[in-house]
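Trainee: this one's sequence-less:
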């Protein structure tokens with residue numbers, strides 16, 4: 001329009017100049033019409049009276065009529081949805097966005113955006129076919145609903161699997177009772193042998209002593225008979241043997257007590273007080289005591305961070321660490337090299353990973369596989385019950401963590417304990433998250 005006004009106000013010097021300018025205008029008009037018709041969306045320019053001034057071929061294709069049949073007609077006659085939502089020709093500023101559906105000749109969905117253009121003193125309306133988008137949204141909504149249903153089924157299946165696992169574990173525990181009973185019988189039988197041996201000797205001694213005292217009290221027989229009974233007692237020899245027998249009995253009873261206490265702690269641990277504590281403080285205390293005892297001649301290196309705290313039982317944590325340090329000291333004692341133990345921890349993937357590394361005798365694959373079995377030990381019979389790593393494993397599991405043993409026979413062993421930095425119990429929200437997606441689309 002501005003070009004035409006400029007042409008009208010201008011005086012042409014010649015016919016050739018006028019023809020050239022009109023050719024430029026015609027070319028620009030043609031390019032604009034080609035561009036206008038190349039747009040797939042339907043476009044209409046509507047007057048403030050609701051008359052369609054211009055329309056592109058995209059709109060004609062949507063209506064199924066020729067462009068010439070559109071121009072000059074009222075928009076409300078061609079678009080019934082204008083009767084429901086109001087005619088866009090009423091716009092005098094801004095824009096309006098609506099969505100509508102057409103059922104015939106087949107069901108389609110459209111979005112109409114109308115803009116008031118002051119320079120045109122009219123409204124530009126753009127109609128887009130959003131059927132494919134609607135179908136995609138419907139598929140996404142359906143998939144989300146199916147995902148929710150599948151997730152519920154998976155949860156139900158997981159619950160059944162957990163129940164089956166619990167039953168399987170229970171059956172395995174029952175099946176392992178015979179093995180555990182045999183191990184208990186073997187462990188308790190040795191100290192019981194000391195007790196019975198000492199008890200038999202003490203019984204014979206007490207019987208002889210009672211006979212002597214009874215004869216002495218009643219003055220039975222002559223002095224020669226009493227002297228014979230006294231000599232048979234051999235008090236000098238008996239004083240040594242009685243002390244030895246009492247030590248055997250006491251030692252056997254103490255060992256039985258340790259066995260039963262260890263079993264009680266392993267099978268049914270006492271109530272542990274969970275609290276937040278600084279890990280480095282507990283590690284330092286355990287290392288300090290171990291360095292003065294089982295690791296006295298060993299180089300101990302620590303890698304600690306005073307800022308790390310976890311929630312758990314500091315007593316149980318210390319017990320587990322004591323067992324690992326004792327095992328490290330024993331492994332080093334089986335070699336001739338200068339012993340070294342490295343104790344440290346780091347935060348990794350939501351866990352506190354505590355590691356104890358030693359350059360001791362290491363373990364074979366076969367020994368490593370049995371390391372956490374109750375009552376399994378490579379040490380000679382004595383005060384060691386073979387429950388150390390079993391107790392450590394049980395402690396870590398009660399804290400919701402895990403344990404890993406790596407070793408090279410004859411060279412080194414590393415034990416890692418993984419304690420969760422945050423306790424389990426946070427409810428999963430997979431269903432609600434999927435539902436939000438479904439509602440959003």
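Mentor: Great, that's in hand. These numbers were taken from a predicted model, which means no experiment stands behind them. Numbering: from 1, shown residues only.

Trainee: Doesn't residue 352 belong to a strand?
Mentor: Yes: under DSSP: H, G, I helix; E, B strand; the rest coil, residue 352 sits within a strand.

Trainee: Just to check, it is in contact with residue 402?
Mentor: No: if you go by Cβ atoms under 8 Å, residue 352 and residue 402 don't touch, sitting 11.9 Å apart. Quick note: C-beta positions are derived from backbone N, CA and C, even for glycine.

Trainee: what do those two both touch?
Mentor: Overlap of the contact sets of residue 352 and residue 402 (by Cβ atoms under 8 Å, 6 or more residues apart in numbering) consists of residue 418.

Trainee: Settle it for me: which of the two has more neighbours?
Mentor: For residue 352 versus residue 402, the count of surrounding residues by other Cβ atoms under 10 Å is larger for residue 352: 22 against 14.

Trainee: Identify the bridge partners of the more buried one.
Mentor: residue 347, residue 419 (DSSP bridges).

Trainee: Which residues are in contact with it?
Mentor: Here residue 352 is in contact with 279, 308, 310, 345, 346, 418, 419, 420, 421 (Cβ under 8 Å, 6+ apart).

Trainee: Centroid-nearest residue for the protein?
Mentor: What sits nearest the mean C-alpha location of the chain, by Cα atoms, centre = their mean, is residue 350, with 7.7 Å.

Trainee: Now it: closest residue in space that isn't a chain neighbour?
Mentor: residue 421 (5.7 Å; Cβ to Cβ, 6 or more residues apart in numbering).

Trainee: same deal with residue 58?
Mentor: residue 42 (4.7 Å).

Trainee: What's the separation between the one you found and residue 80?
Mentor: Going from residue 42 to residue 80 by Cβ to Cβ, to the nearest Å gives 15 Å.

Trainee: which one of the two has more residues nearby?
Mentor: residue 42 (23 against 10).

Trainee: All the strands of the stretch 301-441 of the chain, in order from the start?
Mentor: 309-312, 340-348, 351-358, 402-408, 412-420 (DSSP state E, counting those that start in this stretch).

Trainee: what lines up beside the fourth one in the sheet?
Mentor: The one in question is strand 402-408. As assigned by DSSP bridges, strand 402-408 forms pairs with strand 412-420 (antiparallel).

Trainee: Give me the mean pLDDT for the strand it pairs with.
Mentor: Summarised as a single mean, pLDDT over strand 412-420 is 93.

Trainee: One more: stretch 151-163?
Mentor: Stretch 151-163 comes out at a mean pLDDT of 86.

Trainee: so how far is that stretch off the chain centroid?
Mentor: Relative to the centre of its chain, stretch 151-163 is centred 18 Å away, using Cα atoms, centre = their mean, to the nearest Å.

Trainee: Quick one: classify residue 104 as helix, strand or coil.
Mentor: Assignment for residue 104 (three-state DSSP): coil.

Trainee: tell me the contacts of the residue nearest to residue 350?
Mentor: 310, 347, 350, 351, 352.

Trainee: Tell me which two in those are the farthest apart.
Mentor: 310 and 350 (11.2 Å; Cβ to Cβ).

Trainee: Overlap of the contact sets of these two?
Mentor: 420, 421.

Trainee: in the stretch 101-250 of the chain, which spans are helices?
Mentor: Along the stretch 101-250 of the chain, the segments classed as helices by DSSP state H, counting those that start in this stretch run 131-218, 223-233, 235-267.

Trainee: Please disregard the earlier target; I meant the stretch 301-441 of the chain.
Mentor: So, for the stretch 301-441 of the chain - with DSSP H, counting those that start in this stretch - the helices run 314-333, 365-370, 388-398, 430-440.

Trainee: Tell me which of the ones you listed lies nearest to residue 339.
Mentor: From those, taking Cβ to Cβ, the stretch that ends up closest is helix 314-333, at 3.5 Å.

Trainee: Tell me the helices and strands packed up against that closest one.
Mentor: Packing partners of helix 314-333 (3 or more Cβ pairs under 8 Å, 6 or more residues apart in numbering; DSSP states H and E): strand 275-278, helix 279-291, strand 340-348, strand 351-358, helix 388-398, strand 412-420.

Trainee: which parts of the second one are buried?
Mentor: What that stands for is helix 279-291. Within helix 279-291, the residues that count as buried by 16 or more other Cβ atoms under 10 Å are 279, 280, 282, 283, 286, 287, 290, 291.

Trainee: Same list, these, but as a markdown table with distance to residue 94 and pLDDT please.
Mentor: Below are the buried residues of helix 279-291 laid out as a markdown table (distance: Cβ to Cβ, whole Å; pLDDT from 0 to 100):
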| residue | distance to residue 94 | pLDDT |
| --- | --- | --- |
| 279 | 63 | 93 |
| 280 | 65 | 93 |
| 282 | 69 | 92 |
| 283 | 69 | 93 |
| 286 | 74 | 89 |
| 287 | 75 | 91 |
| 290 | 79 | 87 |
| 291 | 80 | 89 |
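
Trainee: mind putting the residues you listed in JSON lines, distance to residue 19 included?
Mentor: Listed next are the buried residues of helix 279-291 as JSON lines, based on distance: Cβ to Cβ, whole Å:
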{"residue": "279", "distance to residue 19": "93"}
{"residue": "280", "distance to residue 19": "94"}
{"residue": "282", "distance to residue 19": "99"}
{"residue": "283", "distance to residue 19": "97"}
{"residue": "286", "distance to residue 19": "103"}
{"residue": "287", "distance to residue 19": "102"}
{"residue": "290", "distance to residue 19": "106"}
{"residue": "291", "distance to residue 19": "107"}
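
Trainee: Show me the two of those that sit farthest apart.
Mentor: Maximum pairwise distance in the buried residues of helix 279-291, criterion Cβ to Cβ, is 18.3 Å, between 279 and 291.
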